[in-house]
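Novice: Using only what follows, build the 3D model:
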Amino acid sequence: MPKFYDKVNVLRKPQWLKIRLQSNEGSAEVERIVKEHSLHTICSSGLCPNKAECWRRRTATFMILGDICTRGCRFCATKTGIPLAPDASEPEKLAESVRLMGLRHVVVTSVTRDDLPDGGARHWAAVVEAVRRQNPDATIELLIPDLDARADLIEIVAASKPDIIGHNIETVERLTPLVRSRAKYRTSLRTLEIISKQMGAVSKSGLMVGLGESDDEVLQTLRDLRDVGVEIVTLGQYLRPSLEHYPVAAYITPEKFEWYRLQALEMGFSYCASAPMVRSSYLADAALESVKRKMSE
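Specialist: Alright, predicted model coming up:
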């Protein structure tokens, strides 16, 4: 396998991954609101390919607890280092941004904060409570770190009553030590099991493909997620943020993504978004509506 900084064997992107990046009035307005309130979005820090589309629709995934992560996964574009203390004013500023943007479905994620005794759990809860106060009709989706699979910390987050709590498994078990060296596959599964079975919340997870996994490994990961109660799953193509990041092993065809989607639905997931450009927060409101319909049947 090439080194992470190796400039040899860089795969050429296929046509289906080439998108036109463009700014527009709607995306400029979202960017203005985010900057005015000194907020961070995973749309920007994570180099999301859907940023222009989502911002044009006046939606964004907010990233709380700063923009510096304590882990440094090899697939991720987010900065790594020693983060600043949490901003106590962030929950209210974020809630105000949601109001100004007129969001109906709010997605919040964060960097991993292993430096904090509670992993940021209380800050998460404060964000949900602030958004609820200012935006009582909005639905709220959280994409949390693993919180070391500590039920006491996950309970703090769940008690704030978000509509969805997600945690991304990211990749198959075999590749986890290579791609997420400071995380553990089984810890992520345990976190999701606590969310689903102990807290009774709607749970969600996502994984990237194109890292060198086999079809059997993808299907086993989907089965593992379903076994711990995950209702919503997303699959998308891994795109290397830079030549210093983990290399792309393959570009998966749209047809294979559709096959993954059908396999996931057969396993019993309430909703599966699976396509090359899908990211865990993409069209997240549609996933929630699908789960609500299934639960009402």
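Novice: show me where pLDDT drops low in the stretch 101-250 of the chain?
Specialist: Nowhere does the stretch 101-250 of the chain drop to pLDDT under 70.
Novice: which residue ranges form the helices in it?
Specialist: For the stretch 101-250 of the chain, the helices defined by DSSP state H, counting those that start in this stretch occupy 121-134, 151-158, 176-179, 185-193, 215-227.
Novice: With distance to G81 and mean neighbour count as new columns, can the ones you listed be given to me in CSV?
Specialist: No exception for glycine: its C-beta is placed from N, CA and C like everyone else's. Listed next are the helices of the stretch 101-250 of the chain as CSV, based on distance: least, Cβ to Cβ, whole Å; neighbours: other Cβ atoms under 10 Å:
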stretch, distance to G81, mean neighbour count
helix 121-134, 19, 20
helix 151-158, 23, 20
helix 176-179, 20, 17
helix 185-193, 23, 20
helix 215-227, 30, 18
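Novice: So which of those is nearest A60?
Specialist: helix 121-134 (13.1 Å; Cβ to Cβ).
Novice: who are the neighbours of the closest one, in terms of helices and strands?
Specialist: strand 61-64, helix 90-101, strand 105-110, strand 139-143, helix 151-158 (3 or more Cβ pairs under 8 Å, 6 or more residues apart in numbering; DSSP states H and E).
Novice: Those into TSV, with extra columns for distance to I82?
Specialist: Putting the helices and strands packed on helix 121-134 into TSV (distance: least, Cβ to Cβ, whole Å) gives the following:
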stretch	distance to I82
strand 61-64	17
helix 90-101	18
strand 105-110	16
strand 139-143	23
helix 151-158	21
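Novice: thought G212 was touching L175?
Specialist: Yes: G212 lies in contact with L175 (Cβ atoms under 8 Å); the separation is 6.3 Å.
Novice: sorry, back to before: looking at the helices and strands packed on helix 121-134, which is nearest to R71?
Specialist: strand 105-110 (11.8 Å).
Novice: who's in contact with the closest one?
Specialist: 42, 59-65, 94, 98, 120, 124, 127-128, 131, 135, 138-145, 281, 284-285, 288 (Cβ atoms under 8 Å, 6 or more residues apart in numbering).
Novice: Assign the residue positioned nearest the centre of the chain to one of the three secondary structure states.
Specialist: Nearest to the mean C-alpha position of the chain, by Cα atoms, centre = their mean, lies S280 at 4.4 Å. Under the three-state scheme (DSSP: H, G, I helix; E, B strand; the rest coil), S280 adopts coil.
Novice: Quick check on it: phi, psi?
Specialist: Main-chain dihedrals, S280, degrees, to the nearest 10: phi -60, psi -30.
Novice: for it, what are its contacts?
Specialist: With Cβ under 8 Å, 6+ apart, S280 has these contacts: 143, 166, 168, 204-206, 234, 236.
Novice: got a winner among these for most neighbours?
Specialist: When neighbours are counted by other Cβ atoms under 10 Å, K204 leads the contacts of S280 with 31 neighbours.
Novice: Pull up the gap between it and R293, please.
Specialist: Using Cβ to Cβ, to the nearest Å, K204 is found at 16 Å from R293.
Novice: circling back: need the contacts of S280 in TSV (columns: distance to I156).
Specialist: What follows is the contacts of S280, written out as TSV (distance: Cβ to Cβ, whole Å):
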residue	distance to I156
L143	16
G166	16
N168	20
K204	19
S205	20
G206	23
T234	25
G236	30
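Novice: now the residue nearest to the centre of the chain, nearest residue through space, not along the chain?
Specialist: Using Cβ to Cβ, 6 or more residues apart in numbering and skipping the chain neighbours, the partner closest in space to S280 is G206 (3.8 Å).
Novice: which residues does the one you found bridge with?
Specialist: Per DSSP bridges, the residues bridged to G206 are T234.
Novice: close enough to count as contact, it and V230?
Specialist: No: the criterion here is Cβ under 8 Å, and G206 misses it with V230 at 9.8 Å.
Novice: Which residue is the nearest non-sequential neighbour of A125?
Specialist: Per Cβ to Cβ, 6+ apart, closest to A125 is S160, 4.1 Å.
Novice: which residues does that neighbour contact?
Specialist: 124-125, 128-129, 132.
Novice: now do T191
Specialist: Neighbours of T191 in contact, by Cβ under 8 Å, 6+ apart: 144, 146-147, 149, 154, 167.
Novice: try it again with 6 Å
Specialist: 146, 149, 167 (Cβ atoms under 6 Å, 6 or more residues apart in numbering).
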